[in-house]
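Participant: Below are the sequence and a predicted model for it; my questions follow.
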Amino acid sequence: MIVLSKIAQRINQFTHRVGQVISWLTLLLVFLVMTVVISRYLLGIGSIAIQESVSYVHAIIFMLGLAFTLQRGGHVRVDIFYREFSVHRKALVDLIGAMLFLLPFCGLILFGSWDYVMASWSIKETSSETGGIAAVYLLKTLMIIMPITLALQGIAHIIESILVLNNAHGKSSSKGES
């Protein structure tokens, strides 16, 4: 169980670091949007590359922020019942949910987008707009990175649930032996 705990801890550290970096990108996003608005409406000039970079940064924040959000418990679930559950029952729900829904979802996204992303890489896909960002294939790569990081955090979530359930089971069986 110590090995599992260390694995979950490493995954959580990785997710936390990625989340910290991603959270700073929100400032960049605000700056880029302000730049687009000021240059377009006050100065009368525009830049396709800056406009596209808003979409790129937005995609990075959301696609790579999913695992961090999962780690922080920020994803939507039916809290009507969940919030009243014991720690043991929450761990059981989290374990089942991650195994039945989260990991298969990540696999579906990963395998469903693989050929699409590889096709983009094979031609080094660029923007269809003149003056746009010449790296659409990098943006599409998020479709592979996102399910991997989310699945990793899901695995940490599963491990943590198993540890809680094992700890609760250990306590109940030791109480029964007394």
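Facilitator: Structure's in. What do you need?

Participant: Averaged pLDDT, stretch 11-31. What do you get?
Facilitator: The average pLDDT for stretch 11-31 rounds to 95.

Participant: Not counting its own residues, what contacts the helix or strand of the chain with the lowest mean pLDDT?
Facilitator: Every helix and strand in the chain was compared by mean pLDDT, DSSP states H and E; the lowest is helix 79-82, with a mean of 76. Applying C-beta atoms under 8 Å, 6 or more residues apart in numbering, the contact partners of helix 79-82 are 90, 93. Where C-beta positions appear, they are placed from N, C-alpha and C, glycine not excepted.

Participant: what's the offset of stretch 101-109 from the middle of its chain?
Facilitator: Taking C-alpha atoms, centre = their mean, to the nearest Å, one finds the center of stretch 101-109 at 12 Å from the center of the full chain.

Participant: name the helices or strands packed onto the helix or strand following the least confident helix or strand of the chain?
Facilitator: Beyond helix 79-82 in the direction of the C-terminus, DSSP states H and E gives the next helix or strand as helix 87-97. Judged by 3 or more C-beta pairs under 8 Å, 6 or more residues apart in numbering; DSSP states H and E, helix 87-97 is in contact with helix 136-177.

Participant: what angle separates the helix it packs on from helix 87-97?
Facilitator: On the basis of axes from the mean of the first three to the mean of the last three C-alpha atoms, to 10 degrees, helix 136-177 is oriented at 140 degrees to helix 87-97.

Participant: How about the contacts made by residue 46?
Facilitator: 36, 39, 40.

Participant: now swap in residue 68 and tell me
Facilitator: 15, 16, 18, 19, 22, 23, 153.

Participant: distance of the residue nearest the centre of the chain from residue 120?
Facilitator: Nearest to the mean C-alpha position of the chain, by C-alpha atoms, centre = their mean, lies residue 66 at 2.3 Å. Going from residue 66 to residue 120 by C-beta to C-beta, to the nearest Å gives 21 Å.
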